[in-house]
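K.L.:
sequence and predicted structure, then a few things I'm wondering about:
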Amino acid sequence: MPTKSAPRPSKPSAHPVRDAADALYRSARESCHQHERLTRVLAHGAEEMEFRAVCEVAVLCDRFLAEQMAFYETAAAAGRGREPEDWWHAANGLWMASREYGRRQAGSDSVGARFKRHTAAQLGEITMEYELELSARMALKQAITVYGTLRPDAN
């Protein structure tokens, strides 16, 4: 069984805010990709084992997105640096969209867990929470597109 290697030491960055935003961008892109994959697996009616595996990857990507969001928040609080104004707005837009997506996702998870067995009225609340999460994911995709256009090297 392979052993876990030690984390690679980071060298100081000349652009810590940009690097944090780039990492947030990549995490957000991967999170959206994995949720799209989950949707495709559900549409195909995949077996339980595949469904569980895809769910685990999506959850892991969401956790990394939350971590990168917090990292960007800390880096951005230290100051913008010399990056252009349009980039700064796109990076903050990506951060805000990530934050809203995380908030909406937590809301739909909460209502889904609360109403394992539900009435027709509660189904409306569950549906609304999931639609709000989907809307937040669409806004996140738009923020990803804007950021990626300004920072094609972030890939």
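P.N.:
Done, it's in. Numbering: from 1, shown residues only.

K.L.:
show me what the helix or strand harbouring residue 101 is packed against.
P.N.:
Using DSSP states H and E, residue 101 falls within helix 85-114. Applying 3 or more Cβ pairs under 8 Å, 6 or more residues apart in numbering; DSSP states H and E, one finds that helix 85-114 contacts helix 16-44, helix 48-77, helix 120-150. C-beta: built from backbone N, CA, C; applies to glycine.

K.L.:
residue 77 and residue 17, how far apart?
P.N.:
The gap separating residue 77 from residue 17 is 9 Å, by Cβ to Cβ, to the nearest Å.

K.L.:
compare neighbour counts for these two and give me the winner.
P.N.:
Applying other Cβ atoms under 10 Å to residue 77 and residue 17 shows that residue 17 carries more neighbours, namely 22 against 8.

K.L.:
in contact with the more buried one: list those residues for me.
P.N.:
Residues counted as contacts of residue 17 (Cβ atoms under 8 Å, 6 or more residues apart in numbering) are 72, 75, 76, 78, 79, 80, 81, 83, 91.

K.L.:
hmm, residue 20 and the first one touching each other?
P.N.:
When you say that, I think you mean residue 72. Yes. At 4.3 Å, residue 72 and residue 20 qualify as touching, with contact defined as Cβ atoms under 8 Å.

K.L.:
which of these two has more neighbours?
P.N.:
residue 72 (26 against 23).

K.L.:
how many other residues sit next to residue 85?
P.N.:
Here the count is done by other Cβ under 10 Å, and residue 85 has 8 residues near it.

K.L.:
what comes up buried for stretch 57-70?
P.N.:
In terms of neighbour count (16 or more other Cβ atoms under 10 Å), stretch 57-70 has its buried residues at 57, 58, 61, 62, 64, 65, 66, 68, 69.

K.L.:
what's the burial count for residue 34?
P.N.:
Count around residue 34 with other Cβ under 10 Å applied: 20.

K.L.:
contacts only, for it.
P.N.:
For residue 34, the contacting residues are 54, 57, 58, 61, by Cβ under 8 Å, 6+ apart.

K.L.:
from the chain's centre, how far out does stretch 140-155 sit?
P.N.:
Stretch 140-155 has its C-alpha centroid displaced from the chain centroid by 13 Å (Cα atoms, centre = their mean, to the nearest Å).
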